[in-house]
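S.K.: quick one, what's the 3D model for this:
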Amino acid sequence: MTVQPDDGLSLAAEFPDATHEQWQRLVEGVLRKSGKEVSGEAAEAALSTKLEDGLITRPLYTAPPDDGDGDSTGFPGFAPFVRGGTPEGTTASGWDVRQRIAGSDPVRVNEAALADLENGTTSLWLTVGPGGLPAEDLGRALDGVYLDLAPIALDAGAAYPAAARALLALYAERGVAPQDARASLGIDPLGHEARTGEALDLPAAAALARETAASWPGVRALTVDALPFHEAGGSAAEELGLSLSTGVAYLRALTGAGLGADAAFGQIEFRYAATADQFLTIAKLRAARRLWARVAEACASPESGAQRQHAVTSPVMMTRRDPWVNMLRTTVACMAAGVGGADSVTVLPFDSELGLPDAFARRIARNTSTVLVEESHLARVIDPAGGSYYVETLTDELAHAAWEFFRTVEKAGGQEAALRSGLVAERLAGTWAARSKKLATRREPITGVSEFPSLSEKPVVREPLPPTPTGGLPRVRRDEAYETLRARSDAHLAATGARPRIFLAALGPAAAHTGRATFASNLFQAGGVEPVHDPVSVDPATAAAAYAASGADGMAVLCSSDALYEEQAQAVADALRSAGATTVFLAGRPGTAEQAVDEYVFAGCDAVSVLSSVLDRMGVSS
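M.R.: Presented below is the predicted three-dimensional model:
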């Protein structure tokens, strides 16, 4: 039945609704033009994207059929807390902007803390202990900070007893009423073990949490930090499953120390990575709340299952080359964290992988949240992604995948046993190996590194970071394979005054060679190999002279259309070899001009392996 809208404008109301099958037939027609003969669900599958954890992103999402269960996501502030842990969400003042401050000098930490708080930061995240502030200097570092207004989060590792007691003593010394103190002591024994391989006494941590719960109602003692699993290459479902298992282990320890279930839930905060994959980040935070609510329900404390979340922009996605692009990555990640309902968000400065961030980088980091809250108004709506068929489906599928992995860990004896048996390390290593293939083949692009790199960029130099804990799970970075290649090129430049070079033999008019020449140029620059193409286009008569003038190190690559390859590839390749080229590549699929060339570079080839081999043959030392 067609219903006329109140405004009198019928628009599309008089037309029949399109069906899913009609849309699929249109997709079939488009795919047929590209040479793919598929129909129905197969046509839709051809446009789908495989994610980690067995998840698939489909090209179209429609409302699921009504199964009679009503809205399973609930309402903000009510179980299962998918839409937010509190009824008001972050609409009152936006999410908590939590700035991380590393360093061991209390004077410099204090200067940074005051500057941050005066310019938009609402809480501080401090490193205390080895590599950070000595616990006894915490008071000096927080001199001038209003501790009843600015929450403090600690990251102290094995030094947590001294750090926690120093902060609580500081509250008492400065007359902060227990009910006004807001802090996270950051005690995470299993997270520390994941980072370092060093086991800490979990019952002792639970005992300190029990004291905190009794005397400081606004302070959370324990933190479930999922970053060690994310930084070891874990997927979103693995990050969630392992954080859930860690949280359950802490609940057991807390209740074993004498806390009731409700009080035990109130002592735990969770920390997750926020990446530039905005929809996956939104779904991950929503799924995390749903999973923790399920645990609370199983513990007969459903009203205590509102997970407290701290989101941190992913260190794994940050690059050392062209670090300015990190500003864009962290902006998207911050937006996703806010939309996903994180209570606190830390934006890592764009230069955080290069050393201690400077004042400019810290300013951009904190202003990222300010712009999103104050100018984009992202915090005015609770769960703005809620109701999106895609987001709701992804949240549900991710929650199920994470729950299955959580069950696997629990069957293995729980988080502590899984860490010590190697189950966690093996699982995460497998996930990272699969992702590394996507990075190496550029199926997962890295802007400024594997895509559109700039060999002329000036390096960004920063003071060295304090040493980070090692000995446990590895720390991976998306750019690490390409960074190794670029470092070889840098060393060659420093030793010889020039980068390794490859000659781009562009054949025919620009329309024939531009696409493949651009592709080849980006690919070789990703490994620090400088492409040279002068003149713009060559033919058999000019190829040898052009190569000789290029200064190339024994390598050339043909770039043109398949038709011109058939006409000229053999003659041009012979001319290049006569001029000294030892290897001739072709930009295109294997099999084209097969007799003329030695190797191929094409979309989906293992760029890292190709580039490493090229540098080896050019004599660029590793």
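
S.K.: quick one, what contacts the nearest residue to Phe452 once chain neighbours are set aside?
M.R.: Closest residue to Phe452 apart from its sequence neighbours, by CB to CB, 6 or more residues apart in numbering: Asn522 at 6.1 Å. Quick note: C-beta positions are derived from backbone N, CA and C, even for glycine. Residues in contact with Asn522 (CB atoms under 8 Å, 6 or more residues apart in numbering) are 451-453.

S.K.: give me the phi and psi for Asn522.
M.R.: Dihedral pair for Asn522: phi -60, psi -40, per degrees, to the nearest 10.

S.K.: what helix or strand does the residue in the chain sticking out farthest from the centre sit in?
M.R.: Relative to the C-alpha centroid of the chain, counting by CA atoms, centre = their mean, Ala541 is the outermost residue, at 50.1 Å. Assigned by DSSP states H and E, Ala541 belongs to neither a helix nor a strand.

S.K.: what ranges do the strands span in the stretch 251-400 of the chain?
M.R.: According to DSSP state E, counting those that start in this stretch, the stretch 251-400 of the chain carries its strands in the segments 268-274, 309-313, 344-346.

S.K.: just the stretch 501-622 of the chain next, same as before
M.R.: Counting by DSSP E, counting those that start in this stretch, the strands of the stretch 501-622 of the chain are 501-506, 530-532, 555-559, 583-587, 599-601.

S.K.: Phe270 reaches Ala288, doesn't it?
M.R.: Yes - under the criterion of CB atoms under 8 Å, Phe270 makes contact with Ala288 at 6.6 Å.

S.K.: return every residue with contacts to both of the two.
M.R.: Looking at what touches both Phe270 and Ala288 (by CB under 8 Å, 6+ apart), the common residues are 243, 307, 309.

S.K.: who does the longest helix seen in the chain touch, helix- and strand-wise?
M.R.: Counting residues, the longest helix found in the chain (DSSP state H) is helix 389-411. If you count contacts as 3 or more CB pairs under 8 Å, 6 or more residues apart in numbering; DSSP states H and E, helix 389-411 packs onto helix 236-256, helix 278-298, helix 423-440.

S.K.: for it, C-alpha coordinates in PDB please.
M.R.: Provided in PDB are the C-alpha atoms of helix 389-411 (Å, rounded to 0.1, in the frame of the first residue of the first chain):
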ATOM      1  CA  TYR A 389      22.400  -2.900   9.300                       C
ATOM      2  CA  TYR A 390      26.100  -3.300   8.500                       C
ATOM      3  CA  VAL A 391      27.300  -2.200  11.900                       C
ATOM      4  CA  GLU A 392      24.700  -4.300  13.800                       C
ATOM      5  CA  THR A 393      25.600  -7.400  11.700                       C
ATOM      6  CA  LEU A 394      29.300  -6.800  12.100                       C
ATOM      7  CA  THR A 395      28.900  -6.400  15.800                       C
ATOM      8  CA  ASP A 396      27.000  -9.600  16.100                       C
ATOM      9  CA  GLU A 397      29.400 -11.700  14.000                       C
ATOM     10  CA  LEU A 398      32.400 -10.300  15.700                       C
ATOM     11  CA  ALA A 399      30.900 -11.000  19.100                       C
ATOM     12  CA  HIS A 400      30.300 -14.600  18.100                       C
ATOM     13  CA  ALA A 401      33.800 -15.100  16.700                       C
ATOM     14  CA  ALA A 402      35.300 -13.600  19.900                       C
ATOM     15  CA  TRP A 403      33.200 -15.700  22.200                       C
ATOM     16  CA  GLU A 404      34.300 -18.900  20.300                       C
ATOM     17  CA  PHE A 405      38.000 -17.900  20.800                       C
ATOM     18  CA  PHE A 406      37.300 -17.100  24.500                       C
ATOM     19  CA  ARG A 407      35.800 -20.600  24.900                       C
ATOM     20  CA  THR A 408      39.000 -22.000  23.300                       C
ATOM     21  CA  VAL A 409      41.200 -20.200  25.800                       C
ATOM     22  CA  GLU A 410      39.000 -21.200  28.800                       C
ATOM     23  CA  LYS A 411      39.100 -24.800  27.700                       C
END
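
S.K.: distance between that helix and the chain's centre?
M.R.: 19 Å (CA atoms, centre = their mean, to the nearest Å).

S.K.: for Asp53, see how far away Leu455 is.
M.R.: 36 Å (CB to CB, to the nearest Å).

S.K.: tell me which of the two has more neighbours.
M.R.: Asp53 (20 against 17; other CB atoms under 10 Å).

S.K.: phi, psi for Thr127 please.
M.R.: phi -90, psi 120.

S.K.: what residues are bridge-paired with it?
M.R.: For Thr127, the beta-bridge partners are Asp155 (DSSP bridges).

S.K.: would you agree it is in contact with Pro467?
M.R.: No - with contacts defined as CB under 8 Å, Thr127 does not count as touching Pro467, sitting 11.3 Å away.

S.K.: hmm, Arg140 is touching Pro106, no?
M.R.: Yes - contact criterion CB under 8 Å: Arg140 and Pro106 qualify, at 4.0 Å.

S.K.: quick check: the gap between Leu26 and Pro64.
M.R.: 22 Å.

S.K.: revised request: answer the last question for Ser243.
M.R.: With CB to CB as the criterion, Ser243 and Pro64 are 28 Å apart.

S.K.: and these two? which has more neighbours close in?
M.R.: Ser243 (27 against 10).

S.K.: list the contacts for the more buried one?
M.R.: Here Ser243 is in contact with 224, 226, 229, 270, 272, 288 (criterion: CB under 8 Å, 6+ apart).

S.K.: now, among those, which is nearest to Ala153?
M.R.: Phe270 (12.5 Å; CB to CB).

S.K.: rewinding a little: phi, psi of the residue farthest from the centre of the chain?
M.R.: Dihedral angles (degrees, to the nearest 10) for Ala541: phi -80, psi -30.

S.K.: so which residues of the stretch 101-250 of the chain form helices?
M.R.: Under the criterion DSSP state H, counting those that start in this stretch, the stretch 101-250 of the chain contains helices at 106-118, 138-141, 160-173, 189-196, 202-215, 227-231, 236-256.

S.K.: the fifth one - what's its average pLDDT?
M.R.: Which is helix 202-215. Helix 202-215 shows a mean pLDDT of 96.
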